[in-house]
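Trainee: got a structure for you, letters missing:
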């Protein structure tokens, strides 16, 4: 269950959300799909197969170094937060924030130029940016819907559907709308799940995990 504290910090985030490289997009009221629609996904037993949330959305950006040699050299093997930062009284829009070794792209050309101490790098370090929608707070009429995988028995897969409603700064479950779902697989071990407008193409399923594709969201 989400617990989101509304504070001055969140209000400031409402004003605008940076997507990296100097581009600014305002926060919006929107729906987030996890996983995104029309993508393949795998869920383990007890995992959420799909989660649909509606409310205030901001964009978070993450940077990844392109070259494996740079990842090793700067100890930056994963994706890291990418956002504006003020350094030496000057604001830089393209900065990778990492505890190990933050980097700065002074001209936002897709290559880092400075270390976190402000020293020039021996040579530019290319990177890529990934942007993700991020639920930040409740809006009027906020809600959440989810389907949880509950395994396979015989030739049938079992799932649990749950709904949540906004109550102040958190989601509360709607017990009356919780429902178990059971679908029979065909002779190839596949199925097309249809439930409350949701459409999921089941590719492969076992008692421990399931591979699927979200075709359409709930109505």
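Mentor: Thanks, I have the structure now. Keep in mind that what you see is a predicted model, and the values were worked out from it rather than measured. Numbers count the residues shown, from 1 in each chain.

Trainee: CA atoms for contacts and neighbours, from now on please.
Mentor: Fine.

Trainee: Could you pull up the residues touching residue 182?
Mentor: Residue 182 makes contact with 156, 157, 158, 159 under the criterion CA atoms under 8 Å, 6 or more residues apart in numbering.

Trainee: out of those residues, who's nearest residue 46?
Mentor: Residue 46 lies nearest to residue 159 out of those, by CA to CA, at 9.1 Å.

Trainee: tally of neighbours for the closest one?
Mentor: By the measure other CA atoms under 10 Å, the count of residues near residue 159 is 20.

Trainee: try residue 33
Mentor: 16.

Trainee: quick one: contacts for the closest residue in space to it that isn't next to it in sequence?
Mentor: Distances taken as CA to CA, 6 or more residues apart in numbering put residue 52 closest to residue 33, at 4.9 Å, once the chain neighbours are dropped. Neighbour list for residue 52: 31, 32, 33, 34, 144, 145, 146, 217 [criterion: CA under 8 Å, 6+ apart].

Trainee: Residue 121 now?
Mentor: 112, 113, 114, 115.

Trainee: Most neighbours among the residues you listed, please name it.
Mentor: residue 112 (24 neighbours).

Trainee: Settle this for me: that one is touching residue 106, isn't it.
Mentor: Yes: using CA atoms under 8 Å, residue 112 is in contact with residue 106, at 7.3 Å.

Trainee: ok, residues contacting the helix or strand where residue 210 lies?
Mentor: For residue 210, the enclosing helix or strand under DSSP states H and E is strand 209-216. With contact meaning CA under 8 Å, 6+ apart, strand 209-216 is reached by 35-45, 50, 149, 151, 197-205.

Trainee: Perfect, I'm done here.
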